[in-house]
Structures are given as C-alpha cells and as structure tokens.
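Colleague: here is a sequence with its predicted model. Questions after.
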Amino acid sequence: MEENRNKESLKEFEGNVRDFIESPNTLKYNGSYRYETPAYLYKEKGGNLVAVINATDNSFITIVNATESQLASIRDDNNFGLDTRQSMQITLRLRGPKSQN
C-alpha cells in the first residue's frame, strides 16, 4: 500500500493482511520469530511475501518480502528473522616467528 498512514488506510491494510492470511494460496507454519517469539508464519505459495503473527497473543509482528535466506530458514527451521546479510568470508592468516635478518 502506498497511502499515508491514517485510520482508514490502517483499516484497509489490516484487511489486506487478513485476506492474505486466509487465502488458500498462503501456507501457514507454526514457528518462531528470531528464535524467541512463538509465531505463525504465513507465506504465499511460490512467492516471497511473508506475514508474521505472534502466536501468543495474535498480534501483528511484520509483513515483508522475504529474502532467499529467510525463506530457507522458514523451510528448514520454521523460524523467521535470521540475519540475512551475506556471510563474510573470514581469512585466517597465521604468522610465524619474525625472521631475524
């Protein structure tokens, strides 16, 4: 949605999220958010849109276009919220004793 935040647009947004969650094209995962909060993860079939709802009190957490690593985390661990930055390759260089020239 591109409208300004106000009561009407918030109500429309909530309706859109509810429609997404209840759609037959949405998969539901019982999982967690950032490995801490029990959450329901709603993911569109064949897509990357994900809605995250707190499973304890049914409050809205977020809705995002998930990255490939977040989608893999949902699929593999039933978790959403991993650090999705590309992993940094670490190079370890061992130095021997200083040469005595």
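Modeller: Looks like it came in fine. Numbers count the residues shown, from 1 in each chain.
Colleague: Asn6 and Phe20, how far apart?
Modeller: According to Cβ to Cβ, to the nearest Å, Asn6 and Phe20 sit 21 Å apart. Heads up, the C-betas are built off the backbone N, CA and C, glycines and all.
Colleague: those two - which one has more neighbours?
Modeller: Phe20 (17 against 9; other Cβ atoms under 10 Å).
Colleague: who's in contact with the strand or helix carrying Glu8?
Modeller: Glu8 belongs to helix 7-22 when elements are defined using DSSP states H and E. Taking contacts as Cβ atoms under 8 Å, 6 or more residues apart in numbering, the residues outside helix 7-22 that touch it are Met1, Glu3, Thr26, Lys28, Tyr42, Glu44, Leu49, Ala51, Ile53, Phe60, Ile63.
Colleague: in it, what's buried?
Modeller: For helix 7-22, the buried set under the neighbour-count rule, 16 or more other Cβ atoms under 10 Å, comprises Phe20.
Colleague: chain center to the following helix or strand past that helix: distance?
Modeller: Scanning forward in sequence from helix 7-22 by DSSP H and E, the next helix or strand is strand 26-33. Distance, stretch centre to chain centre, for strand 26-33: 10 Å (Cα atoms, centre = their mean, to the nearest Å).
Colleague: repeat for stretch 65-82
Modeller: Stretch 65-82 has its C-alpha centroid displaced from the chain centroid by 6 Å (Cα atoms, centre = their mean).
Colleague: about what we covered before: most neighbours out of the contacts of helix 7-22, which is it?
Modeller: Counting by other Cβ under 10 Å, top hit in the contacts of helix 7-22: Ala51 with 23 neighbours.
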